[in-house]
Structure formats: structure tokens, C-alpha cells
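J.: no letters, just coordinates:
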Ligand SMILES: Cc1cc2nc3c(=O)[nH]c(=O)nc-3n(C[C@H](O)[C@H](O)[C@H](O)COP(=O)(O)OP(=O)(O)OC[C@H]3O[C@@H](n4cnc5c(N)ncnc54)[C@H](O)[C@@H]3O)c2cc1C
């Protein structure tokens, strides 16, 4: 299978060599032997995250079982100049947890304890390895839940969610991870603990919490997360609406939002996505429609009843050909199961898929979709589209076969062109999956030289040695110049590139 080895390909400045032997000698005095993996057959499973296009087998994997052990690992990395890549559940889709060729991969999945749950304060304190869904499962006895619900929630960890600022179908109304986390314990590269945020309504000092969320393991390792829990709504129902075109479905989204309704979820799927999912999940979708919308209302019985009537009227007015509203909790969950399984369903019709993640102002939906349709011809690859339509977050799924020569390159270029288009229409290159390795070039399109310098300076403040998840998220100005997006003169580089391997 054809894969790209980005870490090697993008090696930039060389720093003093990592002393992995010194690291192993020190760390084996602190961690039990079963927490240190070095044999190739042990480390193989960690060679990639959900973006399997990029693979790099790590020389060492450590699996600490306590915060103290995490600190010891970081102290040893610092002492022996060893790069360190954090990993939660490895479901990331942008290569954020792709290992470093000369570094240590630190898996945080064993820190999976729900430390406390306070139903009166509506707060839970959890280890970074706790699965997203496990928080809601633990809170359910109190009628509470944790709102951000990535489709991967059955597997992904809250530490990974914090690092990626993950979203999900219910984030339109209830916010992303950043809106639902109140406090973090973070291990620094020097092996110390800092606390960001507070459970008090206001905290003194700089607001570092929000700038940390979404930092993709580049600033520190999350060792504890305090999340906000919210009451489960009394009632929730979903309307599934069929449309004769994607544009008409997009108009439905616009008219709902313009009417002042903030649905609990508002998702759009095109015909190819619907036909991919339906045989897999039997969600009850209309496979003849060119596009379907799923629109959820939640609240009290009365509120939901009234809002659903308004939603149905608005969607009928923009040309919905079929409206079906869930009549039971089972049916509601089935409607969502289809959408949440869209990525795995791609595996039924294509050996590989490449999931893109850009956001656009909603008014450009039609233009962007017809451009994507033209790109299918240009790159000779199929693409199906699912969106968090309410917040303009596109997830085009480019279908390809890595065993066919040239298809990986075409899939990559197709994806890059979609992201460049998102920037061109005033959007961004990621809605929720992060930049990782995948979108480094497009960072050069999205941000100016001054902005990238500011990011570098911020990274340096936390990690002056460039050891935390290097080669990810922030491109160097030199790289942007090579990509053709920036003219760089020596004097422009106020902050020389962070030493890299
Ligand atoms: C089928 C599928 C559906 C998905 N749906 C969604 C979706 O709806 N919404 C969405 O936002 N994402 C979605 N994702 C992407 C992914 O699940 C999220 O990005 C998730 O937050 C990653 O969590 P993880 O535990 O798997 O992290 P990993 O993949 O292990 O790591 C992700 C990043 O976080 C860093 N990291 C991990 N743990 C820590 C820690 N403790 N401290 C510091 N840094 C850390 C890693 O270095 C890496 O940069 C989906 C993925 C799949 C495969």
C-alpha cells in the first residue's frame, strides 16, 4: 500500500540527537516493564492514528498509569532531548498522534478513571484517557450528560478531545469542547504540573485555558480534565427532510437559522453519503433524495412540539419533498446512528477514504459543493459529502484505493484544493479535526507571517526545546515559502524555526 512518510519528508532543522538509550535506562527505573514497549511487534499498532495515510513506527511507546509517571516520562524526555508525541485513543483524523521517528509515543489511555462526579455542581473530574461517551454514561444516573459528542465518542478520549477542541452533531447548540471544559491539569515538558482554568466563575490571571484547548499536544500533556455536565432534555425529536438538490437542503439550513431557531443538531448528507450509509445502518433514510437534512429539537414536550412545527413549515417552504419526524427515542437514535456511521460506512464502498474538514460561511454552500463536484472529474475520484450544516463544517469524504498507483497523491491534492477553496470563500481549514500533519501547508494560506510568528512564539513559551509533538500544527515560514504562499526574507524570521529533528 502506498503511504506517505511525512515526518521524514518534512524534516527541517536538526537539533542535538535524541538519546533514546539514556531515556530508556532512566525511565525503566520509574515505569514498570509492562508500560514500556520497544519490540517492533509491540509498537507497530501505534504507527498511525485515524489518518492512516501517514505512518511512522515509533522506536519507543510508554504507557504511564499515573500522573506521576507522566511527569517522570517528560523529565526524561527533557533530559535526553527526546521528542514526545501524546496519544489518546488514536482516532484523530489529521495525523496529530503520528509518532516521531526518533521519539517516544506516550499513550494516555490508562489514565481512564472518573475521579469525581458532582451532580449538584454539574461537574465531573476525569483522567485524560476516559472515553467521551463514558462521561455521559457515568452522569446518566443523575439525569446529566456531557454535551460535545464526536461521532467517534464511543472510542475517543477526553484528552484527545481537549487537544483537538472536538465537536459533534450537538455542538451547534451546546458548544465545542472549549465551551464545556472548565479546568485542566497539564504536565509541562519540564515535568511540572500547571492548572489552567478554574471551577470558580471567574479566575484571576491570563486565560490560558482556552488557548490550550485545540493545541494538539504541542504545549503540554493533559493529565486531568474538569468538564461541565448539563441536564438531559426532557424530550428530543429529529426531523428528517428530503430535498431534490443539495442547494435546496442548504436553503433549508439558512431558513431555520434565519428564523431564530438553534436546533440541537442540524446535519446534511448528500445522496452518495445516504446510499453509502443506509444499507449499513438501516437508519430509514430516503435513498432517492438528492440530499437529506436531519434537524433535532430538544427541550420540554411543548417546546419541542412547537419548534418541530416551525421547522417542518420552514423546510416545506424551501421545497422539502418528504418530512418524517421521529416518533420514539429508538427512531431518533436510529436517525443519528446513520449520520454518526457515515465514515465507517465509506469502508463498504471504497478500500480507503480521506475525510476532509473545512468550514465555510453557509451562504457559500452551493458554490463550494459544485466546485467539489467538478474536482471529482479533475482528480478522477468520487467524493461523498456530510456536513455539520448548522455551523458550516464540511466533511467531504474522498474515496480512493491506496493500492492503485497515483490515487494517494490525487486524493491528497483533491483534499488540499477543497481546503484552499474554504479559505478563499472566507472559511477555515479545520472545523474540528485539527491541523496535525495533514493541513500544515494550508496553514500557510490561512495565516499571515506575523500570525505564524505569534504561534511559534507562543509554542516556545511552553516548549522552548521543541520536544512536544514537533513537526505538527505550525509550519515554519521557510516551509510556507516553499509551498509558494509566502515571500520570506531572512529578516522576516524573527523567531528562528523551533529546533526539529
Ligand atoms: C469515525 C470517526 C468519526 C469522528 N467524528 C468526529 C466528530 O464528529 N467530531 C470531531 O471533532 N472529531 C471526530 N473524529 C476525530 C477524532 O475522533 C477526534 O479528533 C478526537 O478528539 C481524537 O481523540 P483521541 O483520543 O482519539 O486522540 P488522538 O487521536 O490519540 O490524538 C489526537 C491529538 O490529541 C493529542 N493528545 C491526545 N491525548 C492528549 C493528552 N492527554 N494531552 C495532550 N495532547 C493529547 C495527540 O497528540 C494528537 O495531536 C472522528 C474520528 C473518527 C475515526
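T.: Perfect, I can see it now. Given the structure is predicted, the values throughout are model-derived calculations rather than measurements.
J.: quick check: phi and psi at the closest residue to the ligand within the stretch 151-300 of the chain.
T.: Among the residues of the stretch 151-300 of the chain, residue 160 lies closest to the ligand, at 2.2 Å counting by C-beta to the nearest ligand atom. Every C-beta, even on glycine, is put in place using the N, C-alpha and C of the backbone. Backbone torsions for residue 160, taken as degrees, to the nearest 10, come to phi -70, psi -40.
J.: I figured it hits residue 107, correct?
T.: No: applying C-beta atoms under 8 Å, one finds residue 160 not in contact with residue 107, separated by 11.1 Å.
J.: where exactly do the helices run in the stretch 251-400 of the chain?
T.: Under the criterion DSSP state H, counting those that start in this stretch, the stretch 251-400 of the chain contains helices at 271-281, 301-317, 329-340, 342-349, 365-379.
J.: if we can go back for a sec, intersection of neighbour lists for residue 160 and residue 107?
T.: 87, 88 (C-beta atoms under 8 Å, 6 or more residues apart in numbering).
J.: compare those two (neighbour count), which wins?
T.: residue 160 (33 against 22; other C-beta atoms under 10 Å).
J.: for the residue lying closest to the more buried one once chain neighbours are set aside, give me its contacts.
T.: The shortest distance from residue 160 to any non-neighbouring residue, by C-beta to C-beta, 6 or more residues apart in numbering, is to residue 88 (3.3 Å). Shown in contact with residue 88 (C-beta under 8 Å, 6+ apart): 97, 107-109, 128-129, 156-161, 163.
J.: cool, and residue 191?
T.: Residue 191 makes contacts with 71, 72, 74, 75, 78, as judged by C-beta under 8 Å, 6+ apart.
J.: count the neighbours of the first one for me.
T.: In this case it means residue 71. For residue 71, the tally of surrounding residues (other C-beta under 10 Å) stands at 20.
J.: A helix includes it, no?
T.: Yes: secondary structure of residue 71 (DSSP: H, G, I helix; E, B strand; the rest coil): part of a helix.
J.: quickly find the element holding the closest residue to it other than its chain neighbours.
T.: Leaving out its chain neighbours, the residue that sits closest to residue 71 by C-beta to C-beta, 6+ apart is residue 191, at 4.5 Å. Per DSSP states H and E: residue 191 is located in neither a helix nor a strand.
J.: follow-up on the earlier one: farthest pair in the contacts of residue 88?
T.: Within the contacts of residue 88, 107 and 161 form the most distant pair, 15.9 Å apart (C-beta to C-beta).
J.: thinking again about what came up before, and the contacts of residue 191, which is closest to the ligand?
T.: Using C-beta to the nearest ligand atom, the contacts of residue 191 come closest to the ligand at residue 74, 11.1 Å.
J.: for the residue of the stretch 401-501 of the chain at minimum distance from the ligand, helix, strand, or coil?
T.: In the stretch 401-501 of the chain, no residue comes nearer to the ligand than residue 432, which is 3.3 Å away by C-beta to the nearest ligand atom. Assigned by three-state DSSP, the conformation of residue 432 is coil.
J.: which one of the contacts of residue 191 is nearest residue 426?
T.: Nearest to residue 426 out of these is residue 74 (C-beta to C-beta; 39.8 Å).
J.: what does the stretch 401-501 of the chain put close to the ligand?
T.: By C-beta under 6 Å from any ligand atom, the part of the stretch 401-501 of the chain that sits against the ligand consists of 432, 433, 469.
J.: if I look at the first one, how far off is residue 276?
T.: Read it as residue 432. Per C-beta to C-beta, to the nearest Å, residue 432 is found 21 Å from residue 276.
J.: the spatially closest residue to the residue of the stretch 401-501 of the chain closest to the ligand that is not a sequence neighbour and residue 444, how far apart?
T.: Computed as C-beta to C-beta, 6+ apart, the closest residue to residue 432 that is not its neighbour in sequence is residue 167, at 4.0 Å. When C-beta to C-beta is applied, the distance between residue 167 and residue 444 equals 24 Å.
J.: ok, the two, which is more surrounded?
T.: residue 167 (26 against 22).
J.: just checking, residue 456 touches residue 474?
T.: Yes: counting by C-beta under 8 Å, residue 456 touches residue 474, with 5.9 Å between them.
J.: so where's the stretch 101-250 of the chain uncertain?
T.: By pLDDT under 70, the stretch 101-250 of the chain contains no weakly predicted segment.
J.: flag every residue of it that's near the ligand.
T.: Taking C-beta under 6 Å from any ligand atom as the contact definition, the stretch 101-250 of the chain meets the ligand at 108, 128, 150-152, 156-157, 159-161, 163-164, 166-168, 216-217, 221-222.
J.: just the ones in helices from these, please.
T.: Under the assignment DSSP state H, those contribute 159, 160, 161, 163, 164 to helices.
J.: output those in TSV, with distance to residue 119 appended to each entry.
T.: Below are these laid out as TSV (distance: C-beta to C-beta, whole Å):
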residue	distance to residue 119
159	23
160	26
161	22
163	27
164	28
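J.: quick one: low-confidence residue ranges for the protein.
T.: 1-15, 487-501.
J.: what do you get if the cut-off is 50, keeping everything else the same?
T.: Residues of the chain meeting the criterion pLDDT under 50: 1-2, 4-14, 493-501.
J.: quick check, central residue of it?
T.: Per C-alpha atoms, centre = their mean, the C-alpha nearest to the average position across the chain is that of residue 433, at 2.6 Å.
J.: list the contacts of it.
T.: So residue 433 contacts 92, 93, 94, 164, 355, 357 (C-beta under 8 Å, 6+ apart).
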